[in-house]
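Peer 1: Fold the stuff below for me.
(2 chains)
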Amino acid sequence: MRIVVASGKGGTGKTTVATSLAFVASQKATTRLLDCDVEAPNAAIFLSPKIDMHKEVGILIPQVDEKTCTYCGRCAEVCQFHAIAVVGKKILVFPELCHGCGSCTLVCPEDAISERLEVMGVIESGTTKEDIEFAHGIMNVGEPMAVPIIRELKKLAPTKSPTIEIIDAPPGASCPVVESIRGAEYTLLVTEPTPFGLHDLKQVVEITRELGIPTGVVINRDGIGDSAVDEYCTANQLPVLMRIPMERRIAEAIASGKLMVEALPEFIPVFEDMLGSIASRVKL
Amino acid sequence: MKIAISISGKTFDSPFDSRFGRAASFCIVDTETNLWNVFENPAISASGGAGVQAAQFVAEKGVQAVISGAYGPNAYDTLAASDIKMFLAPGNEVFTGQKIVDLFKEGKLAQTNEATHAGHHGGAR
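Peer 2: Down below sits the predicted model:
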């Protein structure tokens, strides 16, 4: 069962929920966690995996053999992203615009284009002391595109076949989030009961509806703000599967790198119930 | 010589557009005969790589110089590779295409040897 934890608004508590959910799940089932927030991965802080695999990843970008090239310009014509330009007898490649689609390479009538790996980041994997299989991606600072790294991360084959796979998605509602959510059997959206929380929650709900994935909500910092998020969930048949109160002890735990359920073990049965609830909704 | 001026409008008298990659249109003028033609910029609604596309567009028109207000790094690299000289129109006043050509012929426009700003995606490699 693949559960993606997303949010919309950043800082609502995705990693807090995802890591505790993985911890609780691992007590009863083979569990895997992928941290797909490759621009700022932080799940490792709470799960402390022992990393044993490290791989550079990126996209394949074109390199042109100018001895074979006839400067016909077909590659530049086919490129949707204007990442390759032919001007006079010069070829220019713009790696930051390239999406690695391979069209230029395919279309070259002289076979003058070969591909090389443009490294954009790394993916790492390992295991935690609870035996959770762990992997994350770390994008190089300054790279504009996270999606290729997330894609490579999701392609990584698990070493043990997990019963439960949890994906910690990035914040927001753009391409990296869609890439993280794709293929999920359930999306758990962590929000907060404030106007910003609601505004961004709605954007991600649009995505999960478009992708046809059953969705539930966790309201973090319950008790602050207003009731608009609750009203929205009711009106839109989004089950609120958990409420985390606004409590200093939780903030202190997270700030010191502790799992929420480690500092507050009274939440373990709450997470167990939520897992059971998700499992039953996925079977339906 | 043939030059391109970034403008926002449809004629030689339209106001100068200080952007290059996202300029509304380009006015291609023959500085000897003053004959001109205006083309809509195909890059204006590109999701990315507008500078590259606009530069290729004016290069295909056979211009030897471009006059605009700013050039991003991708536009700069593509224009430089085409041996097209890049000039900057002075910032503070509002000019028409005709006025820009006059300033150009009088040698009053500054030529640039590097991108004006860091751009939105970086440069060529």
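Peer 1: Nearest residue to the closest residue to chain A within chain B in space, please, no chain neighbours.
Peer 2: The nearest approach of chain B to chain A comes at B:Gly49, 2.8 Å away (C-beta to the nearest C-beta). All C-beta atoms are positioned from the backbone trio N, CA, C, and that covers glycine. Nearest non-adjacent residue to B:Gly49, counting by C-beta to C-beta, 6 or more residues apart in numbering or on different chains: A:His82, 2.8 Å away.
Peer 1: Quick check: that neighbour touching B:Ser47?
Peer 2: No: using C-beta atoms under 8 Å as the test, A:His82 is too far from B:Ser47 to be in contact (9.5 Å).
Peer 1: Give me the more crowded residue out of the two.
Peer 2: A:His82 (26 against 8; other C-beta atoms under 10 Å in any protein chain shown).
Peer 1: count of neighbours near B:Thr112?
Peer 2: Considering only other C-beta under 10 Å, B:Thr112 is surrounded by 15 other residues.
Peer 1: Need the nearest residue in space to it, chain neighbours excluded.
Peer 2: B:Met86 (5.0 Å).
Peer 1: does the one you found count as helix, strand or coil?
Peer 2: When classified by DSSP: H, G, I helix; E, B strand; the rest coil, B:Met86 comes out as strand.
Peer 1: if I read this right, it contacts B:Gly69, doesn't it?
Peer 2: No: judged on C-beta under 8 Å, B:Met86 makes no contact with B:Gly69 at a distance of 10.9 Å.
Peer 1: Settle it for me: which of the two has more neighbours?
Peer 2: Applying other C-beta under 10 Å to B:Met86 and B:Gly69 shows that B:Met86 carries more neighbours, namely 22 against 16.
Peer 1: what's across from that one in the sheet?
Peer 2: B:Val66 (DSSP bridges).
Peer 1: Let me see the contact set for it.
Peer 2: If you count contacts by C-beta atoms under 8 Å, 6 or more residues apart in numbering or on different chains, B:Met86 has them with B:65-66, B:68, B:71, B:76, B:79-80, B:111-112.
Peer 1: so what secondary structure elements neighbour the helix of greatest length in chain B?
Peer 2: Counting by DSSP state H, the longest helix found in chain B is helix B:50-60. Helices and strands touching helix B:50-60, as assessed by 3 or more C-beta pairs under 8 Å, 6 or more residues apart in numbering or on different chains; DSSP states H and E, comprise strand A:84-87, strand B:25-30, helix B:73-81.
Peer 1: before we move on, the earlier item: dump the contacts of B:Met86 into CSV; add pLDDT as well.
Peer 2: Converted to CSV, the contacts of B:Met86 look like this (pLDDT from 0 to 100):
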residue, pLDDT
B:Ala65, 97
B:Val66, 97
B:Ser68, 94
B:Tyr71, 94
B:Tyr76, 95
B:Leu79, 96
B:Ala80, 95
B:Gln111, 92
B:Thr112, 91
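Peer 1: So among those, which ones count as buried?
Peer 2: B:65-66, B:68, B:71, B:76, B:79-80 (16 or more other C-beta atoms under 10 Å in any protein chain shown).
Peer 1: Same list, these, but as a markdown table with distance to A:Thr191 please.
Peer 2: Converted to a markdown table, these look like this (distance: C-beta to C-beta, whole Å):
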| residue | distance to A:Thr191 |
| --- | --- |
| B:Ala65 | 55 |
| B:Val66 | 49 |
| B:Ser68 | 45 |
| B:Tyr71 | 43 |
| B:Tyr76 | 44 |
| B:Leu79 | 48 |
| B:Ala80 | 49 |
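Peer 1: what's the angle between the least confident helix or strand in chain B by mean pLDDT and strand B:25-30?
Peer 2: Here the helix or strand of chain B ranked lowest by mean pLDDT, DSSP states H and E is helix B:97-105, holding a mean of 88. Helix B:97-105 runs at 50 degrees relative to strand B:25-30, counting by axes from the mean of the first three to the mean of the last three C-alpha atoms, to 10 degrees.
Peer 1: packing partners for the helix or strand just after helix B:97-105?
Peer 2: Next along the chain after helix B:97-105, taking DSSP states H and E as the criterion, comes strand B:110-111. Counting contacts by 3+ C-beta pairs under 8 Å, 6+ apart, strand B:110-111 packs against strand B:85-88.
Peer 1: Show the average pLDDT along the strand it packs on.
Peer 2: Per-region confidence: strand B:85-88 scores 95 on mean pLDDT.
Peer 1: For chain B, give me its nearest residue in chain A.
Peer 2: A:His82 (2.8 Å).
Peer 1: which ones are touching that residue?
Peer 2: So A:His82 contacts A:76, A:94, A:97, B:43, B:46, B:48-50, B:52-53, B:56, B:74 (C-beta under 8 Å, 6+ apart).
Peer 1: B:Gly9 too?
Peer 2: Contacts of B:Gly9 (C-beta under 8 Å, 6+ apart): B:15, B:24-25, B:38.
Peer 1: And for A:Arg74?
Peer 2: Contacts of A:Arg74 by C-beta under 8 Å, 6+ apart are A:107-109.
Peer 1: Off-centre distance for stretch A:220-230?
Peer 2: Its chain's C-alpha centre and that of stretch A:220-230 lie 25 Å apart, by C-alpha atoms, centre = their mean, to the nearest Å.
Peer 1: can you give me the helices in the stretch 151-284 of chain A?
Peer 2: A:175-181, A:195-211, A:228-235, A:248-255, A:260-263, A:268-283 (DSSP state H, counting those that start in this stretch).
Peer 1: Please apply the same query to the stretch 1-150 of chain A.
Peer 2: Under DSSP H, counting those that start in this stretch, the stretch 1-150 of chain A gives helices at A:14-26, A:43-47, A:74-78, A:103-107, A:147-155.
Peer 1: what's the most buried one of those?
Peer 2: helix A:14-26 (a mean of 26; mean count of other C-beta atoms under 10 Å in any protein chain shown).
Peer 1: contacts for that one?
Peer 2: A:3, A:5-7, A:31, A:33, A:35, A:37, A:42-43, A:46-47, A:128, A:130-132, A:164, A:166-169, A:171, A:188, A:190, A:218, A:220, A:242, A:244, A:250, A:254, A:259-262, A:267-268, A:271-272, A:274-275.
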